[in-house]
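# coords please:
(chains A and B)
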Protein chains: 2
Amino acid sequence: MTQFGKHLEKGLRDLGREACWRAIKDAGIRSDQIQAGFCGNALGGYLQRENGIGQSVLWQVGIKGIPIINIENACASGSSAFREAWIGVASGLYDVVIAFGVEKTVMKKGAMLDVGDADLEVKIGDVFPGLFAMRAQRHMYEYGTTLEQMAKISVKNHRNGCLNPYSQYQKEFTTDEVLNSPMIADPLTLFSCCPNSDGAAAAIVATKEVAKKLSAKPVKVLASVLGTGLYNNKKDMAIFDLDFKLSKEAYEMAGVGPEDIDLAEVHDAFTIAELMHYEGLGFCKVGEGGRLIDDDKTEIGGKIPVSPSGGLLSKGHPVGASGVAQIAEIVWHLRGEAGLRQVANARIGLAHIMGGGKEGDVGACTIHILEKVNEF
Amino acid sequence: MTQFGKHLEKGLRDLGREACWRAIKDAGIRSDQIQAGFCGNALGGYLQRENGIGQSVLWQVGIKGIPIINIENACASGSSAFREAWIGVASGLYDVVIAFGVEKTVMKKGAMLDVGDADLEVKIGDVFPGLFAMRAQRHMYEYGTTLEQMAKISVKNHRNGCLNPYSQYQKEFTTDEVLNSPMIADPLTLFSCCPNSDGAAAAIVATKEVAKKLSAKPVKVLASVLGTGLYNNKKDMAIFDLDFKLSKEAYEMAGVGPEDIDLAEVHDAFTIAELMHYEGLGFCKVGEGGRLIDDDKTEIGGKIPVSPSGGLLSKGHPVGASGVAQIAEIVWHLRGEAGLRQVANARIGLAHIMGGGKEGDVGACTIHILEKVNEF
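Numbers count the residues shown, from 1 in each chain, chains lettered A, B, ... in the order given. A predicted model of the protein is given here:
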């Protein structure tokens, strides 16, 4: 992946190229051996007025002629591209492919990222911070979740971000600093929300046979699931229905349970989101997310480390790139290459990301479960 | 598919919904039986500032919860979505899925569709009409292709369009009218270029087993190929390299040759493009495209009818929808449901579409070959 952050001087093609080169080099493969390309990008047409980004980026790293598609699935664009890559390889159609995500959402000073304003709901104020603030309010009401517990998630993730050279923010905050930062949507303050970011991330997906021949330490995809319908549980705003449904599906596909997960990267676009994902992914019971963070269980040294990379909150959230960056983070941990933030003896990791959609039963969510390969 | 044309009062969701409902009804399937969705859209973010269109459209026709992705591949967006749908089913991952394409490119009076201006080449004038005009000039120089031959392609396609109720234009033109219409990029006149259009098209893709149970007359996908690198043949501008490469691949996959094709829909965004595709797809030898049209071989009653729907030139070109609309047209002919424009005894049809990319070896092109199923 590239460094996440403000890259005012770099375009989508520059960032994408940088990430793809790194993945190609890491895999010890030649560009002309790659048989298909999958690009995740959510807002290139919207913000940069660019299309066909996958083809342009891959051409710059010597990948041409082959099938290439561009995939948009909001925050799950990169992970959806990774999933199509996985389907392409798992189906036997391809032996080795590249999946990458790239995005630039850092706005000029004073400009607002007004994504989604085609929806009436958004026009009248149901923007993302508001949407998650309502969930936070309801979770506090239902389960007694506290402001401090939510703030501790931001503190943890920013602390982890300090250990990650790719993180947009490398600065620690105290609980008080999070709570006293400017209010965005009650109870979510500025440091309870992820930033706008520029960046890219890439991954090489291959058959077992090809992976054997490459120099890198391979990681196996145990499960890849995608679903739609983020906000359809109108009866209970304190629960992400889709997390429960998709994690069940993913655990079944992988043949593991939540107790087997050694680390997870989740869609912590807001502190409350990470807390709700603890519950949705089965890391704790419903209503006990607050206690999980209080007990330091999701710290790097804890029972189930979550967002060791710093997560969206600290590492940053270049929308279409985030899903692939999560995969990269998990891979580094499973290989023992995560440096100061390494989760000890990590064997199985989970990446969860969701995004988009307010009107009706829309949006997208993916879950990937990856396993360290000890021997072939 | 929807009627192609100006739909100022309808949004992407309205058009997409209409096409998807028609496909669902045609297939005799229930929305809740569909296991995945693939949406092709090229310019929704760019022009309408909308994202996640696939999820929004499919939710409106009762399709929710399932995996849905949005695919952008310029003019090949819809056909790339169809191809991912085909991969999903052919791989065994899904039994029945929906693929659709939707677009709105009709501009307000006085506004110009300025797609691609992120590229230096486009900024300094290398817009699509210019790009194809250069090819026309070179083809005329190399092979003696005439203005009249190119104009006859527009005359033929507009005549076919009059027989297609879905066509944006239903008006015949004479060769003189085409030649004397306003000059766009010498030698391409206004009626030598396809219009901007709004519209949508959809298709249900299923396993043989599911298709057997449905009420519609099924059609088999014999080949589906996708490639990149539209304009990489700098040495010979009168040839589309990628057409030759991909059609060879598609014919091999299908186990048929160009002589077996009973009808074709091609990317006739400009008259010269259709003529060059005759050669690239093997319907005639290189340099003989002009003679093929002179000999009426590509008329509906000819040896190899091309663009019986009216093509992009007359039927219209709502970018992301066109690839799926071509599939729909082929299916109707193979079923004997194409009304006044029916190609008699059509058994095998070919759909070809390409688009995007000027800088370097980019862009996308797909070819699909479909066969009538007589019995299972």
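
# Quick one: low-confidence residue ranges for the stretch 151-300 of chain A.
A:231-234 (pLDDT under 70).

# That one against chain B: which residues are in contact?
For the stretch 151-300 of chain A, the contact set with chain B under C-beta under 8 Å from any C-beta of the partner chain comprises A:225, A:226, A:227, A:228, A:229, A:232, A:245. For glycine as for every other residue, the C-beta is placed from the backbone atoms N, C-alpha and C.

# and the most centrally placed residue in chain A, what element?
For chain A, residue A:323 is the residue whose C-alpha lies nearest the centre (C-alpha atoms, centre = their mean; 3.7 Å). Assigned by DSSP states H and E, residue A:323 belongs to helix A:319-335.

# could you dump that helix to PDB, C-alpha only?
Extracted in PDB, the C-alpha atoms of helix A:319-335 (Å, rounded to 0.1, in the frame of the first residue of the first chain):
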ATOM      1  CA  VAL A 319     -12.700   4.900   0.400                       C
ATOM      2  CA  GLY A 320     -12.000   2.500  -2.500                       C
ATOM      3  CA  ALA A 321      -8.500   1.700  -1.200                       C
ATOM      4  CA  SER A 322      -9.500   0.800   2.400                       C
ATOM      5  CA  GLY A 323     -10.700  -2.700   1.800                       C
ATOM      6  CA  VAL A 324      -7.500  -3.800   0.100                       C
ATOM      7  CA  ALA A 325      -5.400  -2.000   2.700                       C
ATOM      8  CA  GLN A 326      -7.200  -4.100   5.400                       C
ATOM      9  CA  ILE A 327      -6.200  -7.300   3.400                       C
ATOM     10  CA  ALA A 328      -2.600  -6.000   3.300                       C
ATOM     11  CA  GLU A 329      -2.600  -5.400   7.000                       C
ATOM     12  CA  ILE A 330      -3.900  -8.900   7.800                       C
ATOM     13  CA  VAL A 331      -1.300 -10.500   5.400                       C
ATOM     14  CA  TRP A 332       1.600  -8.600   7.100                       C
ATOM     15  CA  HIS A 333       0.400  -9.900  10.500                       C
ATOM     16  CA  LEU A 334       0.000 -13.500   9.300                       C
ATOM     17  CA  ARG A 335       3.500 -13.300   7.800                       C
END
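
# my guess is the residue nearest to the centre of chain A meets residue A:353, correct?
Yes - using C-beta atoms under 8 Å, residue A:323 is in contact with residue A:353, at 4.7 Å.

# any common contacting residues for these two?
A:75, A:76, A:78, A:79, A:366 (C-beta atoms under 8 Å, 6 or more residues apart in numbering or on different chains).

# and the residues you listed, which of them are in strands?
Here DSSP state E is the test, and the shared contacts of residue A:323 and residue A:353 give residue A:366 as lying in strands.

# show me the contacts for residue A:227.
Each residue near residue A:227 by C-beta under 8 Å, 6+ apart is listed here: A:242, A:245, A:246, A:249, A:364, A:365, A:366, B:65, B:66, B:67.

# who's in contact with the second one?
Pointing back at residue A:245 there. When contacts are counted by C-beta under 8 Å, 6+ apart, residue A:245 touches A:227, B:65.

# do stretch A:320-334 and chain B meet at all?
No - residues of stretch A:320-334 contacting chain B under C-beta under 8 Å from any C-beta: none, with a closest distance of 10.6 Å.

# what residues are up against residue A:179?
Taking C-beta under 8 Å, 6+ apart, we find residue A:179 in contact with A:147, A:148, A:151, A:189.

# do that again at 7 Å, thanks
Residues near residue A:179 by C-beta atoms under 7 Å, 6 or more residues apart in numbering or on different chains: A:147, A:151, A:189.

# How about residue A:258?
A:251, A:281, A:282, A:283.

# residues contacting the second one?
Read it as residue A:281. By C-beta under 7 Å, 6+ apart, the residues touching residue A:281 are A:243, A:247, A:258, A:264, A:350, A:352.

# change it to 10 Å
Under the criterion of C-beta atoms under 10 Å, 6 or more residues apart in numbering or on different chains, the neighbours of residue A:281 are A:240, A:243-244, A:246-248, A:250-251, A:258, A:261, A:264, A:266, A:304, A:306, A:350, A:352, A:367.

# Just give the nearest non-adjacent residue to the residue nearest to the centre of chain A, would you?
Nearest residue to residue A:323 in three dimensions, chain neighbours excluded: residue A:79, at 2.9 Å (C-beta to C-beta, 6 or more residues apart in numbering or on different chains).

# number of nearby residues for that neighbour?
A total of 33 residues lie near residue A:79 under the criterion other C-beta atoms under 10 Å in any protein chain shown.

# Let's see the pLDDT reported for it.
On the pLDDT scale, residue A:79 is placed at 98.

# How much space separates it from residue B:226?
Distance of residue A:79 to residue B:226, given as C-beta to C-beta, to the nearest Å: 21 Å.

# Tabulate the residues of the stretch 151-300 of chain A next to chain B (TSV), appending distance to residue B:102.
Below are those laid out as TSV (distance: C-beta to C-beta, whole Å):
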residue	distance to residue B:102
A:225	26
A:226	20
A:227	22
A:228	17
A:229	20
A:232	23
A:245	27
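
# which residues pair with the residue nearest to residue A:58 when sequence neighbours are not counted across the strands?
Computed as C-beta to C-beta, 6+ apart, the closest residue to residue A:58 that is not its neighbour in sequence is residue A:37, at 4.7 Å. Residue A:37 has these beta-bridge partners by DSSP bridges: residue A:68, residue A:98.

# so residue A:37 sits right up against residue A:20, yeah?
Yes - between residue A:37 and residue A:20 there is a contact under C-beta atoms under 10 Å: 8.7 Å.

# Show me whatever sits in contact with both of the two.
Contact criterion C-beta under 10 Å, 6+ apart; residues shared by residue A:37 and residue A:20: A:54, A:57, A:58, A:61, A:63, A:98, A:99, A:100, A:202.

# I'd like the next helix or strand past the helix or strand residue A:134 falls within.
In this assignment (DSSP H and E), residue A:134 forms part of helix A:128-143. Sequence-wise, the next helix or strand downstream of helix A:128-143 (DSSP H and E) is helix A:147-161.

# Flag every buried residue along the following helix or strand past that next one.
Where DSSP H and E defines the elements, the next helix or strand beyond helix A:147-161 is helix A:175-180. Neighbour counts over helix A:175-180 (16 or more other C-beta atoms under 10 Å in any protein chain shown) mark A:177, A:178, A:179 as buried.

# re earlier: is any part of the helix holding residue A:134 close to chain B?
No - judged by C-beta under 10 Å from any C-beta of the partner chain, helix A:128-143 makes no contact with chain B; its nearest approach is 13.1 Å.

# picking that back up, right, and the residue nearest to residue A:323 touches residue A:366 too?
Yes - counting by C-beta under 10 Å, residue A:366 is a contact partner of residue A:79 at 4.0 Å.

# Quickly list what's touching both of these two.
With contacts taken as C-beta under 10 Å, 6+ apart, the residues that reach both residue A:79 and residue A:366 are A:73, A:224, A:226, A:267, A:323, A:326, A:351, A:352, A:353, A:354, A:355.

# Cross the residues you listed against helices and list the overlap.
If you go by DSSP state H, the shared contacts of residue A:79 and residue A:366 have A:323, A:326 in helices.

# Tell me which stretches of the stretch 151-300 of chain A form helices.
Using DSSP state H, counting those that start in this stretch, the helices found in the stretch 151-300 of chain A span residues A:175-180, A:208-213, A:241-254, A:271-280, A:289-294.

# and for the second one, what are the contacting residues?
With contacts defined as C-beta under 10 Å, 6+ apart, helix A:208-213 is touched by A:27-29, A:33, A:35, A:89, A:94-97, A:204-206, A:217-220, A:373, A:376.
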